[in-house]
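[1] I need the structure of the sequence given here:
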Amino acid sequence: MDKPLRRVAIFGLLLFFGLMAQVNYVQGSQAESLRTDDKNSRQFADVFNNPRGQILAGNTVLASSKATGKDNPKYGRDYSGGRALDARIFSPVTGYFNGGASKIELAYNGLLGGEDRRITQQRWFDAFIGKPAEGADVEVTIDPQAQKLAYQRLKNS
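    Reported below is the predicted structural model:
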């Protein structure tokens with residue numbers, strides 16, 4: 001083998017080992033920080049494949065999960081039965097959930113998502129057989145009629 005070809009082969013081999021060292025560094029020491037980074041949308045991919053619990057006020061369903069009919073995501077969040085007016089009325093209470101959350105959706109995220117320890121300890125057999133925990137329902141103490149009346153009065157003023 002002549003000298004220039006040997007140098008190119010050695011240089012290519014060094015580049016290959018450098019690449020392998022970099023890959024091992026990223027996967028070994030930075031994996032957790034990359035997985036939990038706010039800019040990583042993959043951390044929310046599995047969140048929408050399991051139904052979340054409902055948010056209730058008396059007999060009124062303020063938020064629920066509905067099947068999308070797709071493979072991914074399987075479920076979407078529906079606020080107040082899909083009525084746009086009700087969704088605006090109760091949004092200051094319920095907040096939103098789109099991977100991130102606010103208000104009730106944030107405060108009770110563990111219960112609604114089925115990840116809270118109170119749920120997982122009660123349903124240990126489901127976890128044992130590999131069935132994901134279903135989210136618990138959360139009932140708030142607001143009066144739906146009073147909330148609607150307040151919304152209408154604020155809207156008219």
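[2] by contact count, what packs against the longest helix that the chain contains?
    Ordering each helix of the chain by length in residues (DSSP state H) puts helix 3-29 first. On a contact count with 3 or more C-beta pairs under 8 Å, 6 or more residues apart in numbering; DSSP states H and E, helix 3-29 meets no helix or strand. All C-beta atoms are positioned from the backbone trio N, CA, C, and that covers glycine.
[3] okay, now the unreliable bits of the protein?
    Within the chain, the segments meeting pLDDT under 70 span 1, 43-46, 80-87, 99-101, 120-124, 126-127, 132-133.
[4] all strands for the chain, in order.
    Per DSSP state E, the chain carries strands over the ranges 55-57, 60-67, 75-79, 138-140.
[5] pick the most deeply packed of the ones you listed.
    Mean neighbours per residue, mean count of other C-beta atoms under 10 Å, is largest over the strands of the chain for strand 55-57, with a mean of 21.
[6] so what touches that strand?
    By C-beta atoms under 8 Å, 6 or more residues apart in numbering, the residues outside strand 55-57 that reach it are 61-64, 90, 93-94, 104-105, 112, 137-144, 147.
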